[in-house]
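Colleague: With the sequence up front, the predicted model follows.
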Amino acid sequence: MKKNYFILVLYVTALILGPSPWFQNALAQKIAASTRYDTTKERIGGLRLGLLESDTVASIPCSPKKLKEIYEGATGDSVQTWQFAACGIVLKMSSPKKGAPKSIAAITLTKPATFATGRGIRIGSTEQEVLAAYGRYRDTDGDTQKGK
């Protein structure tokens with residue numbers, strides 16, 4: 001009898017929660033978490049987000065041109081652009097306050113950069129190669145369009 005009562009309560013709960021927005025939102029969040037990409041684990045060449053400036057310079061064979069350090073209101077951090085023009089690399093370096101040690105906040109590569117990601121993607125990789133390596137993380141709700 002207790003078993004039947006438990007099954008009935010479970011069934012009624014499923015009927016009530018199944019179509020509810022709360023339950024659907026919780027399920028959507030679980031699915032999203034399983035396909036969310038952790039950028040802190042990705043490397044491109046010897047670079048990664050969060051890499052300290054002392055390790056950054058050792059990873060790039062070119063000399064940087066360091067632009068003026070500025071306050072970034074959106075994050076509250078002090079940021080500075082480092083341009084490695086001969087290598088095709090631009091880094092956004094960030095620190096909690098002006099003059100403090102910085103770490104990589106953003107990485108931009110252009111030709112002639114030769115660095116590749118841990119999955120072998122580099123400048124010149126095809127869309128098919130990128131999708132094979134990272135397609136699981138593609139934003140299907142955003143403005144991502146095939147071929148763009």
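Modeller: Received the coordinates, thanks.
Colleague: Please, where are all the helices along the protein?
Modeller: 2-17, 21-35, 53-59, 127-134 (DSSP state H).
Colleague: Going by mean pLDDT, which of those comes out lowest?
Modeller: Ranked on mean pLDDT, the bottom entry among the helices of the chain is helix 2-17, at a mean of 48.
Colleague: how many other residues sit next to E69?
Modeller: 16 (other CB atoms under 10 Å). Glycine gets a C-beta too; all of them are placed from N, C-alpha and C.
Colleague: And for A106?
Modeller: A106 has 12 nearby residues by other CB under 10 Å.
Colleague: Test my guess that it contacts T81.
Modeller: No - look at A106 against T81 with CB atoms under 8 Å: they stay out of range, at 9.3 Å.
Colleague: Any chance you could list residues touching both of those two?
Modeller: Here A106 and T81 have 91-92 as joint contacts, going by CB atoms under 8 Å, 6 or more residues apart in numbering.
Colleague: Nearest the geometric middle of this protein, what residue?
Modeller: T39 (3.6 Å; CA atoms, centre = their mean).
Colleague: Wait, that residue touches I104, no?
Modeller: No - if you go by CB under 8 Å, T39 and I104 don't touch, sitting 10.9 Å apart.
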